[in-house]
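Colleague: predicted model and sequence below, questions to follow.
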Amino acid sequence: MQLNPSEISELIKDRIKNFEGAAEARTEGTVVSLMDGIARIHGLADVMSGEMIEFPGDTYGMALNLERDSVGVVILGAYGHISEGDTAKCTGRILEVPVGEQLLGRVVNSLGEVIDGKGAIESTQFMPIERIAPGVIERQSVDQPMQTGLKAIDAMVPVGRGQRELIIGDRQTGKSAVAIDAIINQKGTGIKCIYVAIGQKASTIANVVRKLEEHDALAHTIIVAANASDSAALQYIAPYSGCTMGEYFRDKGEDALIVYDDLTKQAWAYRQVSLLLRRPPGREAYPGDVFYLHSRLLERASRINAVCVEKYSNGAVKGKTGSLTALPIIETQGGDVSAFVPTNVISITDGQIFLESDLFNAGIRPAINAGLSVSRVGGAAQTKIIKKLGGGVRLALAQYRELAAFSQFASDLDEATRKQLERGQRVTELMKQRQYAPLNVAEMGVVLYAANEGFLDDVDVNKIVAFESALLAYVKSNSADLLDSINASGDYNNEIAGKIAAAISDFKTNGVY
Amino acid sequence: MSDFETIARPYSKALFELASESKSLQAWSDSLTAAAAIADDEAMQTMFELSSMLPSEHVELLLSVYAGIDGVQKATAELKNFFSLLAENGRLPALPAIALGYEMLKQEADGKVDVQVTSAQKLTKKQKDEIAKSMEKKLGKEVNISSEVDATLIAGAIIRAGDLVIDGSVQARLDKLSTALNK
């Protein structure tokens, strides 16, 4: 027989000493039926909606349906040991998860229990998973950038801190890759990240964890995983648990980023739970409150003002605003954005990044459709330099798309049209970016400047990618001060423009690509 | 169990209202308890399910057995009507649930509540009185204490009043300690 690490006499003594064994008055009920993870319970006279229900064997459930003679409870986790006739007790508590810094770098399940085998978390603070979103008075407008490190996104569909930006696309279009890159880019910025994986393969999650670890990004990230093998109830509550963990940082005046990967699967899980609870099905068999399911979740991503932060932190944090930025992911079927859940989430969020399989297969990665992707509030939050230089990119791509379709019928084109087409091709090429290689503001600024000011016009289209990486390497080694100063201030003026232009011309004469 | 409860609720309520209007709560209670005991019988339940019998025959059968029970008052016209109504709606098997619902309504109206105490050792008169007193204070109602002994609790007692359970047994504390240590 081997002793567990937790069986040290001191620990046992401590636990026995702190054990509260007083008699308590609780409402009890009896399990009448049990099927597919749903228990019907008779009794439980004063149960609350959403209350945690305790079953034998340290198993918990959540009361969802309060009916005349019975209570419908979803069991969170395995239910093989529960049988008809067992007693179920009210706990008087709403479902809670642990929150705090000690969760960073860890993988937890929807209930906040560690599943990465790195030992238990000493959690001192718990918060309910369902919280009301901040009200009008507590909010502040979005005016700080949340850099994703992807040129295409930061230039054309910028995301601000506290914004909800949807990532939408078919399967295999690089939706998760965009989100993971955004997480990696938060390294060293102080933005805490939460990655909520819903209904994914455990191997995929293991992969994400490994990639984040490789890029030194796990230390500022919490991973909340509800695997495909977990019960539908756990998949349904996972985003709320993750959101609560993010709100902890927001409420203490920090910035956080949360990725829900993906909400389509959460809607499926909720549909399953609802149908098993015999709630009436509506369109596509989703229950009537599937809009509220997502709206109340995404409404919690917000930027809150300093007064509010001071109130939430009991005066400990003064003069700092907090934010929770959300990047929900929705998977469409065959590019159909008019299905029920995609339209809902599009209408809830502050813009969307639209990924297309045609672009992806044509080698344009990230496969962002610049025409359909928008950001409704991010423009106010862009750094000066990106805002100034990114505008040209968007315009060039829009004109290019129009002309490209039109010019297919024309045999000979006038000079201006040809030039616009060439510029468009080069910008399209320039927007390509490798995975796990986010760029900082200054690097992006230099690249965008080169495109805007025509430095690429005499570079072959198929050489653009090579040109870009050689240019960045050259500028990094020869004009490091310039990059540092841009990164520090984000400013853009004639002096900076002149310096960038000089650096690029210098590269074009001396560098090789 | 809970199927019948839903069906029984409107009947129990109607009977209770009728009984309180005519101030015959106790009489109805006795009659219903007797009728419920008959309907609960297995042979009777099978008879109720026989489709070859007419509803009126069911009522006759029930009334004949009812008349044979000692110590209950004779079936009133209202009781007969009630049985016919149940038979017509095919709800005779729900009689025990209706009687139970009626008793609960009656107790609530009386401001009384049944309290069951399960203890490891036999309770003394003084202990029972003390429990009754504190439960009356907690629930704000007159309590009706019944007690039983269960040695597996080791020590202490469990008090039940409807859905409310106060578990002060050593067994429950040991269970809790074991989950706390296993975490």
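Modeller: It's in. Since this is a predicted model, take the numbers as computed values, not measurements.

Colleague: for the residue in chain B that chain A sits nearest to, what are its contacts?
Modeller: Closest contact between chain B and chain A, by C-beta to the nearest C-beta, is at residue B:168 (3.3 Å). (Each C-beta comes from the backbone N, C-alpha and C, glycine too.) Contact analysis of residue B:168 by C-beta atoms under 8 Å, 6 or more residues apart in numbering or on different chains lists A:23, B:156, B:157, B:158, B:159.

Colleague: per-residue confidence for the residue of chain A most remote from its centre?
Modeller: Most distant from the centre of chain A: residue A:412, at 47.1 Å, with distances by C-alpha atoms, centre = their mean. Looking at residue A:412, its pLDDT is 76.

Colleague: chain B: helices as residue ranges?
Modeller: B:2-21, B:25-40, B:42-49, B:55-67, B:77-89, B:95-110, B:125-139, B:170-182 (DSSP state H).

Colleague: what's the residue of chain B closest to chain A sitting at in phi/psi?
Modeller: phi -120, psi 30 (degrees, to the nearest 10).

Colleague: what of residue A:437?
Modeller: phi -130, psi 70.

Colleague: how close does residue B:123 get to residue B:159?
Modeller: 11 Å (C-beta to C-beta, to the nearest Å).

Colleague: between the two, which contacts overlap?
Modeller: With C-beta under 8 Å, 6+ apart as the test, residue B:123 and residue B:159 both reach B:117, B:131.

Colleague: where does chain A come near chain B, residue by residue?
Modeller: Contact residues, chain A versus chain B (C-beta under 8 Å from any C-beta of the partner chain): A:12, A:15-16, A:19, A:21, A:23-29, A:32, A:40, A:42-46, A:58, A:68-70, A:89.

Colleague: and the residue nearest to residue A:123 when sequence neighbours are not counted, what is it in contact with?
Modeller: Leaving aside its sequence neighbours, residue A:123 sits nearest to residue A:98 (C-beta to C-beta, 6 or more residues apart in numbering or on different chains; 3.3 Å). The contact partners of residue A:98, by C-beta under 8 Å, 6+ apart, come to A:112, A:121, A:123, A:125, A:126.

Colleague: and these, which are buried?
Modeller: residue A:112 (16 or more other C-beta atoms under 10 Å in any protein chain shown).

Colleague: what would the contacts of residue A:98 look like in TSV with secondary structure and pLDDT?
Modeller: Below are those laid out as TSV (DSSP: H, G, I helix; E, B strand; the rest coil; pLDDT from 0 to 100):
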residue	secondary structure	pLDDT
A:112	coil	94
A:121	coil	89
A:123	coil	87
A:125	strand	93
A:126	strand	94
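
Colleague: looking at the contacts of residue A:98, which is nearest residue A:355?
Modeller: Residue A:355 lies nearest to residue A:112 out of those, by C-beta to C-beta, at 31.4 Å.

Colleague: my read: that closest one touches residue A:97, true?
Modeller: Yes: with contact defined as C-beta atoms under 8 Å, residue A:112 reaches residue A:97; the gap is 3.7 Å.

Colleague: returning to what we had before: please tabulate the contacts of residue B:168 in JSON lines, including the columns neighbour count, distance to residue B:64 and pLDDT.
Modeller: Listed next are the contacts of residue B:168 as JSON lines, based on neighbours: other C-beta atoms under 10 Å in any protein chain shown; distance: C-beta to C-beta, whole Å; pLDDT from 0 to 100:
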{"residue": "A:23", "neighbour count": "15", "distance to residue B:64": "51", "pLDDT": "67"}
{"residue": "B:156", "neighbour count": "17", "distance to residue B:64": "50", "pLDDT": "88"}
{"residue": "B:157", "neighbour count": "22", "distance to residue B:64": "45", "pLDDT": "89"}
{"residue": "B:158", "neighbour count": "19", "distance to residue B:64": "43", "pLDDT": "90"}
{"residue": "B:159", "neighbour count": "23", "distance to residue B:64": "43", "pLDDT": "91"}
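
Colleague: narrow those residues to those in strands?
Modeller: When DSSP state E is applied, the contacts of residue B:168 are split such that B:157, B:158, B:159 fall in strands.
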